[in-house]
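with the input below, show me the fold.
(4 chains)
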2 protein chains.
Amino acid sequence: MKALSQVGKYGLRALLYLVAYPPENQYLSIRQISDDLGLSFHFVTKIFRELTERGILTSYRGPSGGIALAKPAEEIMLIDVIKALEGDDYFDKCLIGLPHCGSAKPCPVHDFWKEVKTKLQHNFSETSLALLGEKIRTQEVRLDE
Amino acid sequence: MKALSQVGKYGLRALLYLVAYPPENQYLSIRQISDDLGLSFHFVTKIFRELTERGILTSYRGPSGGIALAKPAEEIMLIDVIKALEGDDYFDKCLIGLPHCGSAKPCPVHDFWKEVKTKLQHNFSETSLALLGEKIRTQEVRLDE
DNA sequence: CTTAATTAAGAATAAATAGTCTTAAATATG
DNA sequence: CATATTTAAGACTATTTATTCTTAATTAAG
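Below is the predicted model of the structure:
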């Protein structure tokens, strides 16, 4: 199941890198993230611009510039990131693509799919970047390969 | 969340039409399905060829030919259709796209995502086309708009 | 002030997906 | 056998998504 586009996958991975390995300086360069994760520098830059516009990151140009979280990692929830990367209507789509599917005109799998989306949405709303960063640092999980 | 490609969405809708409104004759023509659902005839034809190869449909050429279920609708599970349309690895994908993500090398959201996929897989395995066809026929739900 | 380091912006290209079209093959019917 | 109806096959085109490239703007440091 391809739940995220490449933008979503790379964006989330790059963001988690920042959260898991916060820089000593105020800003972490995009180059370091993209090199370390083996992602295209330009592509990550483009994705991060969107996250900056959405208020998830801040950026600073020039030497020793880079990007940083706009808020404490405890206050950034996975759902904010996913909506920023995939669109605010991420949890509103009908499984079989009917444009007017909803509680008034449900498709054959509407109720079931609604339930799946609600649970996902709930889980993503409860998960902070801080939690995921901690998970990565304590070596329980990994961000590459 | 775009869980299905256009092939998956259209294929499932077209198949559900067949199940919900079984023809009096042995075969239902693709033209009738595509016209009724407002889908491209050629596109549905292409999708149905794959479902025929995968043993979900049978087809018959010539006048009063068309397609039909290869098995009773009770024996065709949603999971078979989705795997035929989206690929057998549909439930094996890492959320953030790490190629080696698994229980040995889990990504930061592996456990959570695994659980979501398992539940989905389970639900799709229990849902037959017959059930969905009945749902559509009894007007609880709809297949167009 | 010059240079190097960095992100911003968006144009350009490539690849994947979606959709259309043409021709062939099969088959029923007159 | 001729014709009409239908799916099969795959080439072709269009659109969307992904990726790369180029240039500009900002800023630190010598």
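
any buried residues in the lengthiest helix in chain A, and which?
Scanning chain A for the helix with the most residues, using DSSP state H, yields helix A:110-126. Of the residues in helix A:110-126, A:His110, A:Phe112, A:Trp113, A:Lys114, A:Val116, A:Lys117, A:Leu120, A:Gln121, A:Asn123, A:Phe124 count as buried by neighbour count, 16 or more other Cβ atoms under 10 Å in any protein chain shown. For every residue, glycine as well, the C-beta is placed using N, CA and C.

how about stretch A:133-141?
Under the neighbour-count criterion of 16+ other Cβ under 10 Å, stretch A:133-141 has A:Gly133, A:Lys135, A:Ile136, A:Val141 buried.

can you give me the helices for chain A?
So, for chain A - with DSSP H - the helices run A:6-20, A:30-37, A:41-53, A:78-86, A:110-126, A:129-137.

quick one: the ones you listed as JSON lines, columns for distance to B:Gly11 and mean pLDDT too.
Shown next, in JSON lines, are these (distance: least, Cβ to Cβ, whole Å; pLDDT from 0 to 100):
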{"stretch": "helix A:6-20", "distance to B:Gly11": "24", "mean pLDDT": "98"}
{"stretch": "helix A:30-37", "distance to B:Gly11": "35", "mean pLDDT": "98"}
{"stretch": "helix A:41-53", "distance to B:Gly11": "31", "mean pLDDT": "98"}
{"stretch": "helix A:78-86", "distance to B:Gly11": "23", "mean pLDDT": "98"}
{"stretch": "helix A:110-126", "distance to B:Gly11": "16", "mean pLDDT": "97"}
{"stretch": "helix A:129-137", "distance to B:Gly11": "36", "mean pLDDT": "97"}
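
is the longest helix of chain A anywhere near chain B?
Yes: Helix A:110-126 reaches chain B (Cβ under 8 Å from any Cβ of the partner chain) through A:His110, A:Phe112, A:Val116, A:Lys117, A:Lys119, A:Leu120, A:Asn123.

that older thread, of all the helices of chain A, which one is nearest B:Asn25?
Between B:Asn25 and these, the shortest gap by Cβ to Cβ is with helix A:110-126, which sits at 31.1 Å.

relative to helix B:129-137, how tilted is that closest one?
Helix A:110-126 and helix B:129-137 are oriented at 100 degrees to each other (axes from the mean of the first three to the mean of the last three Cα atoms, to 10 degrees).

identify the residues contacting helix A:110-126?
For helix A:110-126, the surrounding residues in contact (Cβ atoms under 8 Å, 6 or more residues apart in numbering or on different chains) are A:77-79, A:82, A:91, A:94-95, A:101-103, B:1, B:112, B:116, B:119-120, B:123, B:127, B:141.

kindly recompute the last result at 6 Å.
Residues from elsewhere that reach helix A:110-126, judged by Cβ atoms under 6 Å, 6 or more residues apart in numbering or on different chains: A:Met77, A:Leu78, A:Ile79, A:Phe91, A:Leu95, A:Cys101.

can those go into a markdown table with extra columns for distance to DNA strand C and neighbour count?
Shown next, in a markdown table, are the contacts of helix A:110-126 (distance: Cβ to the nearest atom of the strand, whole Å; neighbours: other Cβ atoms under 10 Å in any protein chain shown):
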| residue | distance to DNA strand C | neighbour count |
| --- | --- | --- |
| A:Met77 | 22 | 17 |
| A:Leu78 | 22 | 23 |
| A:Ile79 | 23 | 18 |
| A:Phe91 | 19 | 18 |
| A:Leu95 | 14 | 23 |
| A:Cys101 | 17 | 23 |
